[in-house]
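Quick check, what structure comes out for this input:
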Amino acid sequence: MPSSTRRVVVTQRFFDAATVSYLEQNGCQVVIADLPPGKGDGDLSQAELEALLDGAVGWIVGHARVTRALLTALPGLRVISRRGVGYERIDTDAVRDLGRVACIAAGGNDASVADHVIGMMLALGRRFRESQDRMLSGDWSILMGSDLYRKTVGIVGMGRIGRSVAQRLRGFEAELLVHSPRSDVEDLGDGMTFVSLDELLTRSDYVTLHAPLTPQTRFMIDGPALARMKPTAFLINAARGGLVDDEALLHALQAGRLAGAGLDTFVSESDPAYRSISDALLALPNVGATPHAAASSREGLDRTNRVAAQCVVDVLDDRTPPLACVVADGRAFVSA
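Here you go, the predicted structure:
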């Protein structure tokens, strides 16, 4: 076993003791960053990140931007492992060019996010927030809700989380419409209909987004897309802020052109200019919101912690992490 000289910095909260022990048993010195109250690693400047990561060979990261400038300033950093599955904040070209490895915790949070999405669908349909708000004001009259049972649900994106959502919806006997650019959707079995995005939006009672954020998918749900949805439909975004034009969504909800929305991600997470839009959405009674917390169950975080840590150990031991976890590997490029 290597001696404990391999400094691994964790810039995430809720990093469990069992995963720390795993890293230590594999020769790593674990440093968990003391983040300012109310801030995540995505709020830290490059100078602050450089100071935290000085001497580190491994970094378990949350939402910080992994830029070429940062990597250049940290020549000893060999592996960047995200406790999560999105990697749009990682400059993968720079990772390859500089001979580093970037990984995600593939498979660690699928179940947690899928459960969260189903919870949002149920809460919106049965009007949990509106009912409790009325009860707190003294009004115990019953609001009429709607079932998820046998509804038409549109799933946009059929990666691991989209598949997990589909699996759960089968228990509700839902009709599943799928729109996905993936080429392997045919292996998902019966009970799904693959349609265009326009048809999915037009027919669905619930639309749930599970696509990555790319230049092609940014604001894929904009004003015209929202106008195609039923006024009785609900939109769920537990994927990435930026898939939905939040300002257009706010106008649609205010105008009664949509029944409600479940939001775990917001444009304002990456663009502070949208913060007033986020605040206005949160104030609406037919919006159920969480602060990018869909993956943050105890069990889900433990799983993603462990996957992220295993990727770090694999790279430091000169092994290749599971292929589903690797988003950029520049070792062969640099050695060649």
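
When you work out contacts or count neighbours from here on, use the C-alpha atoms and nothing else.
Will do.

can you give me the mean pLDDT across stretch 230-244?
For stretch 230-244, the mean pLDDT works out to 97.

list the contacts for Leu77?
55-59, 71, 100 (Cα atoms under 8 Å, 6 or more residues apart in numbering).

same thing with Ser164?
By Cα under 8 Å, 6+ apart, the residues touching Ser164 are 110-111, 114.

same thing with Ser268?
Counting by Cα under 8 Å, 6+ apart, Ser268 makes contact with 241, 274-275, 278.

Neighbour-wise, give me the winner out of the contacts of Ser164.
Using other Cα atoms under 10 Å as the neighbour test, the contacts of Ser164 are led by Ala114, with 25 neighbours.

The closest residue in space to that residue that isn't next to it in sequence: how many residues sit nearby?
Distances taken as Cα to Cα, 6 or more residues apart in numbering place Val165 nearest to Ala114, at 4.9 Å, with adjacent residues excluded. Neighbour count for Val165, taken as other Cα under 10 Å: 22.

looking at it, Val165 is touching Ile118, isn't it?
Yes - with contact defined as Cα atoms under 8 Å, Val165 counts as touching Ile118 (7.3 Å).

before we move on, what SS does Ala102 have?
Recorded secondary structure, Ala102: strand (DSSP: H, G, I helix; E, B strand; the rest coil).

Beta-bridge partners for it, please?
Counting by DSSP bridges, Ala102 is bridged to Ile80, Ala328.

show me what contacts it?
Contacts of Ala102 (Cα under 8 Å, 6+ apart): 79-82, 92, 95, 326-329.

can you pick the most crowded of the residues you listed?
Within the contacts of Ala102, Arg82 tops the neighbour count with 31 neighbours, counted by other Cα under 10 Å.

Okay, it and Cys103: tell me how far apart.
6 Å (Cα to Cα, to the nearest Å).

Overlap of the contact sets of the two?
Counting by Cα under 8 Å, 6+ apart, the residues touching both Arg82 and Cys103 are Ala308.

Show me the helices in the chain, by range?
17-25, 46-53, 68-73, 92-97, 110-125, 128-136, 160-169, 197-203, 223-228, 246-254, 275-282, 298-316, 331-335 (DSSP state H).

Figure out which of those is closest to Arg6.
helix 298-316 (8.3 Å; Cα to Cα).

Tabulate the CA atom coordinates of the closest one in CSV.
Below are the C-alpha coordinates for helix 298-316, written out as CSV (Å, rounded to 0.1, in the frame of the first residue of the first chain):
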residue,chain,number,x,y,z
ARG,A,298,-27.8,10.4,2.7
GLU,A,299,-27.7,7.2,0.6
GLY,A,300,-27.1,9.0,-2.7
LEU,A,301,-24.3,11.1,-1.3
ASP,A,302,-22.6,8.1,0.2
ARG,A,303,-22.8,6.3,-3.1
THR,A,304,-21.4,9.2,-5.1
ASN,A,305,-18.7,9.9,-2.5
ARG,A,306,-17.5,6.4,-2.9
VAL,A,307,-17.6,6.3,-6.7
ALA,A,308,-15.7,9.6,-6.8
ALA,A,309,-13.1,8.3,-4.4
GLN,A,310,-12.7,5.1,-6.2
CYS,A,311,-12.0,7.0,-9.4
VAL,A,312,-9.3,9.0,-7.6
VAL,A,313,-7.6,5.9,-6.3
ASP,A,314,-7.7,4.2,-9.7
VAL,A,315,-6.0,7.1,-11.3
LEU,A,316,-3.4,7.5,-8.6
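
from the contacts of Ser164, which is closest to Ala293?
Nearest to Ala293 among the contacts of Ser164, with distances taken as Cα to Cα, is Ala114, at 11.9 Å.

that older thread, so can I have TSV of the contacts of Ser268 showing distance to Thr232 and neighbour count?
Compiled in TSV, the contacts of Ser268 are given as follows (distance: Cα to Cα, whole Å; neighbours: other Cα atoms under 10 Å):
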residue	distance to Thr232	neighbour count
Gly241	23	23
Tyr274	26	16
Arg275	27	15
Ser278	22	21
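
For those residues, which two are the farthest from each other?
Taking Cα to Cα, no two of these sit farther apart than Gly241 and Arg275, at 12.0 Å.
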